[in-house]
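S.K.: 3D model of this:
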Amino acid sequence: MTEIERLNPGIRDLLAQARRPVNSGAGTWKDELPILTLLHLTDPHGVQEPLRRIVAFMADVRDLFEDAVCTGDMVRKYYHTGYDFWHECGCDPILVCIGNHDVLNSASYDWDDLISQRQQAATFFEPYAAGWGVEYAPGTTYYCKRYDAHRIDLIVLNTMLRGEDDAAQNAFLREKLARALKDDTGVVIALHDTSASKQTVIPCRFSCLDRPVEAPAGKGLSRSHQEAVQEFLDAGGDFICYLGGHGHRDHVCYDPDFPRQVFFLGPSTDMVKGLRHGDAARVAGEKSEDAFNFVSFDRAGKTVKLIRVGADRDRCLRHRGVLCFDYENGKVLYED
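M.R.: Numbering: from 1, shown residues only. I've put the predicted structure just below:
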């Protein structure tokens, strides 16, 4: 048993329940689509110990989830602080998307001074993408992974792209959404941060009480991408949610112009970042040292189910353990 599982007893049973399909009649759950489960971590910022712990834990519970995805800010401060640690920690199988720090060219924190998309691709995608089983074009920083058995597409976007690069990304997104609509496939989008609009926070235990949703360091999610998703929804498509990070604290929220497009934002896996920006005590050697989520997507039940691994109390003593969210009607069904 890994240290993470020892500190989080019962995690296997929670995953078993989250992965149980809806039962609308006697034994009908056996005929429903299987439920896709992702391990979602975000904002490790180059700190290796939590990554090593997560990789060991992943290996031990590998039959209980389909993939792991990191939603950006893999590097410590800016691009040149290095990325060799990712392979050294055994993180090659973890899907990634680009965060703002990953593309920052210098220590001056000038968010107009970014490395090129080609350089981003060569560092963060091309050494690993062949092992991810994704639809990916070299030189780009966005891709799609089809989970055929679950009838769900995971589309990964880069919110730091601009100009022609972002226009090409939008064309890619629209192409994948059109295919998903035709094939009756649900869509989850992984990205680093939200749109630049002030987000509306959905009250629940997975929403921080202390601080609002962090504004993007760059432009954030482009409105053109939100419009593409809205057109998919309006045409009858099954858009499930966005998965992201950036603020180093939990939030469930949406852009008020697009209330059916909900973001689930996770805490930093780095204990120090979590302490600095979050709402929980993070104590080395204790359960709260770690912080990441399992997220299960149930298309038949129209629910997103979150299971916290690690830091599961905030300063108000709220238990941030599990959340079941009705993504079709935008409401919390259960939390504990």
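
S.K.: Find the helix or strand that the residue nearest the centre of the chain is a member of.
M.R.: Nearest to the mean C-alpha position of the chain, by C-alpha atoms, centre = their mean, lies L243 at 3.4 Å. Secondary structure assigned from DSSP states H and E places L243 in strand 239-244.

S.K.: what's that strand packed up against?
M.R.: strand 186-190, helix 223-234, strand 262-265, strand 291-298 (3 or more C-beta pairs under 8 Å, 6 or more residues apart in numbering; DSSP states H and E). C-beta coordinates here come from the backbone N, C-alpha and C atoms, glycine included.

S.K.: quick one: strands adjacent to the last one?
M.R.: For strand 291-298, the paired strands and their directions (DSSP bridges) read strand 36-41 (antiparallel), strand 303-310 (antiparallel).

S.K.: you'd agree S195 is in a strand?
M.R.: No - when the secondary structure is assigned by DSSP: H, G, I helix; E, B strand; the rest coil, S195 falls in coil instead of a strand.

S.K.: Mind checking the pLDDT average for stretch 140-153?
M.R.: Stretch 140-153 comes out with an average pLDDT of 98.

S.K.: List the buried residues of it.
M.R.: Buried residues in stretch 140-153, counted by 16 or more other C-beta atoms under 10 Å: 140-147, 150-153.

S.K.: coming back round to it: contact partners for the residue nearest to the centre of the chain?
M.R.: 38, 40, 69, 71, 188-191, 263-264, 266, 295 (C-beta atoms under 8 Å, 6 or more residues apart in numbering).

S.K.: what's the single longest helix in the protein?
M.R.: helix 163-183 (DSSP state H).

S.K.: ok, the residue nearest to the centre of the chain to S106 distance?
M.R.: Distance of L243 to S106, given as C-beta to C-beta, to the nearest Å: 29 Å.

S.K.: swap in T141?
M.R.: Applying C-beta to C-beta to T141 and S106 gives a distance of 20 Å.

S.K.: How many residues are close by the closest residue to I307 other than its chain neighbours?
M.R.: Leaving aside its sequence neighbours, I307 sits nearest to F294 (C-beta to C-beta, 6 or more residues apart in numbering; 4.3 Å). Neighbour count for F294, taken as other C-beta atoms under 10 Å: 23.

S.K.: Just list whatever residues bridge to F294.
M.R.: With DSSP bridges as the criterion, F294 is bridged to L39, I307.

S.K.: what's near enough to touch it?
M.R.: F294 sits next to 14-15, 18, 37-40, 65, 306-307, 309 when contact means C-beta under 8 Å, 6+ apart.

S.K.: Also L41?
M.R.: 54, 68-71, 94, 266, 269, 292-293.

S.K.: repeat that with 10 Å
M.R.: Taking C-beta atoms under 10 Å, 6 or more residues apart in numbering as the criterion, L41 is in contact with 50-51, 54, 58, 68-71, 91, 94, 96, 245, 266-269, 290-293, 309.

S.K.: Repeat that for H246.
M.R.: Per C-beta under 10 Å, 6+ apart, neighbours of H246: 42-43, 71-73, 99-101, 159, 191-194, 213-217, 220, 263, 265-266, 268, 277.

S.K.: Return the subset of these lying in strands.
M.R.: Here DSSP state E is the test, and the contacts of H246 give 263, 265 as lying in strands.

S.K.: From T141, how far out is D255?
M.R.: Taken as C-beta to C-beta, the span from D255 to T141 is 22 Å.

S.K.: just the helices in this protein please.
M.R.: 3-7, 11-18, 48-60, 84-88, 100-103, 117-124, 163-183, 223-234, 271-277.

S.K.: ok now the first one, how far from the chain's centre?
M.R.: So that's helix 3-7. Relative to the centre of its chain, helix 3-7 is centred 22 Å away, using C-alpha atoms, centre = their mean, to the nearest Å.
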